[in-house]
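1. The following comprises the amino acid sequence and a computationally predicted model.
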Number of protein chains: 2
Amino acid sequence: MKNRLKVLRAERDWTQAQLASALEVSRQTINAIEKGKFDPSLPLAFKAARLFNLTIEDIFDDEVETT
Amino acid sequence: MKNRLKVLRAERDWTQAQLASALEVSRQTINAIEKGKFDPSLPLAFKAARLFNLTIEDIFDDEVETT
DNA sequence: CAATAAAGTCAAGTGAACTTTACAAAAAAT
DNA sequence: ATTTTTTGTAAAGTTCACTTGACTTTATTG
């Protein structure tokens, strides 16, 4: 699943560690999500949406790649 | 996490089994989510939103209960 | 260049999302 | 009232979200 976390972080000049702290998860979790290694849980997606004042759909993109 | 699945099902006169089939999960998964036993994964939440033509936020409610 | 901070990654562990199988309880239909 | 459908629930197993700890690689900065 694609996501805009890296851009949203950059806009605020936040490190992965700072975002992790704001979302109360580990830095490795943020890194893994940004790198697409796994999807966040729904509660974590909600928490990120609240943090950035956006909808989940604004941040995460579930669409399937067209070949 | 609260959700409107039961109502959305009722509006369409669908059984849990029918919704499960549409979302490609087991009937027990739908039952457990409706009963609040666990939260859906983010991909499943997206799939439900697409199915009902709603946003994730329209269907699922992450807000904390005020005591 | 050297030092430090940030990002990337790996391994091992825990817990939760989801499965199948199975059965009981409740609701609907005949 | 009996049958059939739907819902609820439980146990056991698999996979994945997430953790901690440790280490390497890439940026940043003095």
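-> Arrived safely, thanks for sending.
2. can you pull the contacts of the residue most central in space within chain A?
-> Central residue check for chain A by CA atoms, centre = their mean: the C-alpha nearest the mean position is that of A:L5, 4.2 Å away. Neighbour list for A:L5: A:L19, A:I30, A:I33, A:E34, A:A48, A:I59 [criterion: CB atoms under 8 Å, 6 or more residues apart in numbering or on different chains]. C-beta coordinates here come from the backbone N, C-alpha and C atoms, glycine included.
3. Report the two of these separated the most.
-> A:I30 and A:I59 (12.7 Å; CB to CB).
4. one step back: cross the contacts of A:L5 against helices and list the overlap.
-> Using DSSP state H, the subset of the contacts of A:L5 located in helices is A:L19, A:I30, A:I33, A:E34, A:A48, A:I59.
5. how close does the closest residue to A:R9 other than its chain neighbours sit to DNA strand C?
-> Once flanking residues are discounted, A:R9 sits nearest to A:L19: 5.5 Å by CB to CB, 6 or more residues apart in numbering or on different chains. Counting by CB to the nearest atom of the strand, to the nearest Å, the gap from A:L19 to DNA strand C is 8 Å.
6. any idea how far A:L19 is from B:Q28?
-> Going from A:L19 to B:Q28 by CB to CB, to the nearest Å gives 35 Å.
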